[in-house]
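[1] Next come a sequence and a model predicted from it.
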Number of protein chains: 2
Amino acid sequence: MAYYVGIDLGGTNIKAGIVDGDGKLLNKASIKTNAQRPMEEIIHDMGSLAARVIEEAGLKKEDIAAIGIGSPGTPDNKAGVLVYAGNLPFNMAPMRKLIREVIDLPVYIDNDANCAAMAEAIAGAAKGAKDSVTITLGTGVGAGVIIDGKIYSGFNQAGSEFGHTVLVSGGVQCTCGRKGCFECYASASALVRMTKEAAEANPDSKLNEVIAQEGKVNGKIAFIAQRMGDKAANDVIDMYTDYLADGLANAINTFMPEVLVVGGGICNEGDPLLIPMQEKTMSRPFFGPGVKKTRIALAQMGNDAGIVGAAMMGMTCVRDNIDGTAC
Amino acid sequence: MAYYVGIDLGGTNIKAGIVDGDGKLLNKASIKTNAQRPMEEIIHDMGSLAARVIEEAGLKKEDIAAIGIGSPGTPDNKAGVLVYAGNLPFNMAPMRKLIREVIDLPVYIDNDANCAAMAEAIAGAAKGAKDSVTITLGTGVGAGVIIDGKIYSGFNQAGSEFGHTVLVSGGVQCTCGRKGCFECYASASALVRMTKEAAEANPDSKLNEVIAQEGKVNGKIAFIAQRMGDKAANDVIDMYTDYLADGLANAINTFMPEVLVVGGGICNEGDPLLIPMQEKTMSRPFFGPGVKKTRIALAQMGNDAGIVGAAMMGMTCVRDNIDGTAC
């Protein structure tokens, strides 16, 4: 059986693990990114971490078919280069070349949101579906699109930046320069903003009590205050799920995926979030009579999605005969 | 050389023609749809029209590799059935079976917006690009997506209903049931609505003079009044191109296509529409530093896009070994 190394490159940590062909994670390890360092040092450490998880799994280099790397930003998998990586110090970084100087295996690179989608498609909530979209609600809103079992990244491998589609024309200023992006209304950060605004506008609301207890505003406040019967908190969740559902329905109308996977820490809130999200979303898309409907599912891969997805992206590149050796 | 029949099924007319493998239209013919008739009669006439264009081109049935049909609504190409067709009287219509009773050739069915996109991809503005999106600004806003040279229609073949993605949350009521769809702000009908509203709000504007001359409000009024130096008309075009650009930038961020093709009669207005559309759109998408940018192009296939696209969709189905004989 062939095995794959998955590397999840983040701003704080670099995580890696060995994954089998079914998407099962055998082991994992993590090191600090120390993102202030020169990119060559970071990439060297990624290669060493790959070698370490291979050894710790009791495997040899020859057992590994590929190394897959999930990164923020925009990779160029054909060239083996990380073109741009948001806040990380990578600009036209020759990732494949430098990793192969440490450990000589085929190396593939893709966007982290794409890798998360691939993990869900192979081993998670969209297993068995040929077409799926995975939306992750975090600091921003990430989107990964799987079409016919392959990651769809556009002609420039910039991936689907569905979080940066305008949902509220002229709305809240987004970090991307546009106004009213889906991300500004459906990310965990958006829920925090809505919670703050509601607390300020409603001094008597339980929101303020809960904020005082927690010591800061986070994505859980509105749900805690809602359970205490607070109207302002209920209104916040109603508004948030309205926007979220509008954006998810946009994703369905755009891609008509068999499964729309929704993930991110906020999903841990359970039914008070999930029931209105599901009901509002499914009341909105444009399905004609008799047309099969998209299924909404919660992400299942959790914190390992990055590692597993990167490895499985490597697997599909090997399967599709993409050259991961050229630099 | 193999030839293909393309059939463009519309609410008013059924058009058909012979197309060669390069997307060149050799001849065409048209009949009235008479959409009040039973669907069996309409489908029978489609088969007869196919036989007629074959004969008029001096060809035989054996020269034809496939018949492609572009239809409104949602087809099921695998089953050879038109599931649903908007205002046309087709519900689970056994299109392939009935056409083959008239003329026994492989029959393929797809959405008309998809066929238009295929025509542009093979013989029009996106020729040579593997990934392209074609947006057509008409009564509504149609969208067709070509990925890796194939039509992308989602798991249910409902196609990309990108016109029904919300751009203005809580905005204008759309025919689909949602509020604030892209279609409500970027279709020719939207421009007519904006023109009417501006004319009413500005009784002294030249808009009212031009409307009186033309006898009704149409999509040209604002452009005519703008050329007369009218401020209200200029504001209408500014607003319309703002929304249009927001939606086109959404399409780019979502699909990252090599080429974004824009079509529809309104494009005939030329530079007063196209220059702001192009400039505003390209100032908005989310391209990281060093990332290749999408090119915007005007549709080239005009009124023949439906016929050529349907034929070329048939061609790609033959190429990809899709079974067009089973019913």
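    Here it is on my side, so go on. Residues are numbered from 1 along each chain as shown, chains lettered A, B, ... in the order given.
[2] Can you give me the end-to-end span of stretch A:55-71?
    Using Cα to Cα, to the nearest Å, the span of stretch A:55-71 from its first residue to its last is 23 Å.
[3] hang on, I meant stretch A:225-233
    6 Å.
[4] where does it sit relative to the chain's centre, distance-wise?
    30 Å (Cα atoms, centre = their mean, to the nearest Å).
[5] could you give the mean pLDDT of that stretch?
    In this model, stretch A:225-233 carries a mean pLDDT of 98.
[6] what does stretch A:85-98 give?
    Stretch A:85-98 comes out at a mean pLDDT of 90.
[7] Tell me where the longest helix sits in chain A.
    helix A:231-255 (DSSP state H).
[8] Touching the helix or strand following that helix from outside, list them.
    Next along the chain after helix A:231-255, taking DSSP states H and E as the criterion, comes strand A:259-263. Here strand A:259-263 makes contact (Cβ atoms under 8 Å, 6 or more residues apart in numbering or on different chains) with A:116-117, A:120, A:124-126, A:129, A:132-137, A:248, A:251-252, A:277, A:281, A:294-299, A:301, A:305. For the C-beta atoms, the positions are set from N, CA and C on the backbone; glycine is no exception.
[9] Of the residues you listed, which belong to helices?
    A:Ala116, A:Ala117, A:Glu120, A:Leu248, A:Ala251, A:Ile252, A:Met277, A:Thr281, A:Ala305.
[10] could I get the residues you listed as a markdown table with pLDDT?
    A markdown table is the format used below for the ones in helices among the contacts of strand A:259-263 (pLDDT from 0 to 100):
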| residue | pLDDT |
| --- | --- |
| A:Ala116 | 95 |
| A:Ala117 | 97 |
| A:Glu120 | 97 |
| A:Leu248 | 98 |
| A:Ala251 | 98 |
| A:Ile252 | 97 |
| A:Met277 | 97 |
| A:Thr281 | 97 |
| A:Ala305 | 95 |
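[11] Tell me the residues of the stretch 201-327 of chain A that contact chain B?
    Proximity of the stretch 201-327 of chain A to chain B is confined to A:243, A:246-247, A:249-250, A:253-258, A:284-294 under the rule Cβ under 8 Å from any Cβ of the partner chain.
[12] Can I have the buried ones of those as a ChimeraX selection?
    This is how ChimeraX selects the buried members of those, with burial counted by 16 or more other Cβ atoms under 10 Å in any protein chain shown:
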select /A:243,246,247,249,250,253,254,255,256,257,258,284,285,286,287,288,291,292,294
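[13] can you list the domains in chain A?
    For chain A, the structural domains run A:3-118+A:303-319, A:127-300, going by automatic domain parsing.
[14] got CSV for those, with distance to B:Leu167 too?
    Output for the domains of chain A, formatted as CSV (distance: least, Cβ to Cβ, whole Å):
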stretch, distance to B:Leu167
domain A:3-118+A:303-319, 22
domain A:127-300, 6
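[15] Number of residues surrounding A:Ala126?
    Counted with other Cβ atoms under 10 Å in any protein chain shown, the neighbours of A:Ala126 add up to 27.
[16] That one touches A:Ile296, doesn't it?
    No. Under the criterion of Cβ atoms under 8 Å, A:Ala126 is not in contact with A:Ile296, lying 10.8 Å apart.
[17] Can you name the residues that contact the residue positioned nearest the centre of chain A?
    By Cα atoms, centre = their mean, chain A has its centre lying nearest to A:Ala113, at 3.6 Å. Neighbour list for A:Ala113: A:Thr134, A:Thr136, A:Gly142, A:Ala143, A:Gly144, A:Gly159, A:Ser160 [criterion: Cβ under 8 Å, 6+ apart].
[18] switch to 10 Å and redo it
    Counting by Cβ atoms under 10 Å, 6 or more residues apart in numbering or on different chains, A:Ala113 touches A:70, A:72, A:134-136, A:138, A:140-145, A:151, A:159-163, A:305-306, A:309.
[19] What is the burial count for A:Ile322?
    A:Ile322 has 15 nearby residues by other Cβ under 10 Å.
[20] Which residues are in contact with A:Gln300?
    A:Ala119, A:Glu120, A:Ala123, A:Gly124, A:Ala125, A:Ala126, A:Lys127, A:Val261, A:Gly263.
[21] Need the max-distance pair from these.
    A:Lys127 and A:Gly263 (14.4 Å; Cβ to Cβ).
[22] who has more neighbours, these two?
    Between A:Lys127 and A:Gly263, counting by other Cβ under 10 Å, A:Gly263 is the more crowded of the two (25 against 15).
[23] coming back round to it: and the contacts of A:Ala113, which are buried?
    Counted by 16+ other Cβ under 10 Å, the contacts of A:Ala113 give A:70, A:72, A:134-136, A:138, A:140-145, A:151, A:159-163, A:305-306, A:309 as buried.
[24] on that earlier part again, now, the contacts of A:Ala113 that are in helices?
    Those of these lying in helices (DSSP H): A:Ala305, A:Gly306, A:Gly309.
[25] right, and the last one touches A:Asp110 too?
    This points to A:Gly309. Yes. Counting by Cβ atoms under 10 Å, A:Gly309 touches A:Asp110, with 8.3 Å between them.
[26] what is in contact with the two at once?
    What both A:Gly309 and A:Asp110 touch, as defined by Cβ under 10 Å, 6+ apart, is the set A:Gly68, A:Gly70, A:Ala117, A:Met118, A:Gly144, A:Ile151.
[27] pretty sure A:Gly17 belongs to a strand, no?
    Yes. A:Gly17: assigned to a strand according to DSSP: H, G, I helix; E, B strand; the rest coil.
[28] From A:Ala232, how far out is the residue of chain A most remote from its centre?
    Note on chain A: the largest C-alpha distance from the chain mean falls to A:Asp204, namely 37.0 Å (Cα atoms, centre = their mean). A:Asp204 sits 9 Å away from A:Ala232, taking Cβ to Cβ, to the nearest Å as the criterion.
[29] Tell me who's in contact with the nearest residue in space to A:Gly219 that is not next to it in sequence.
    The shortest distance from A:Gly219 to any non-neighbouring residue, by Cβ to Cβ, 6 or more residues apart in numbering or on different chains, is to A:Ala188 (4.5 Å). By Cβ under 10 Å, 6+ apart, the contact list for A:Ala188 reads A:Leu137, A:Gly138, A:Thr139, A:Gly140, A:Val141, A:Asn218, A:Gly219, A:Lys220, A:Tyr240, A:Gly264, A:Gly265, A:Ile266.
[30] Any quick ChimeraX command for the buried ones out of those?
    Buried subset of those, written as a ChimeraX selection, criterion 16+ other Cβ under 10 Å:
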select /A:137,138,140,141,218,219,220,240,264,266
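[31] How about A:Gly140, nearest residue that isn't a chain neighbour?
    A:Glu183 (5.0 Å).
[32] circling back to that earlier point, show only the entries of the contacts of A:Ala113 found in strands.
    A:Gly70, A:Thr134, A:Ile135, A:Thr136, A:Val141, A:Gly142, A:Ala143, A:Gly144, A:Val145, A:Ile151 (DSSP state E).
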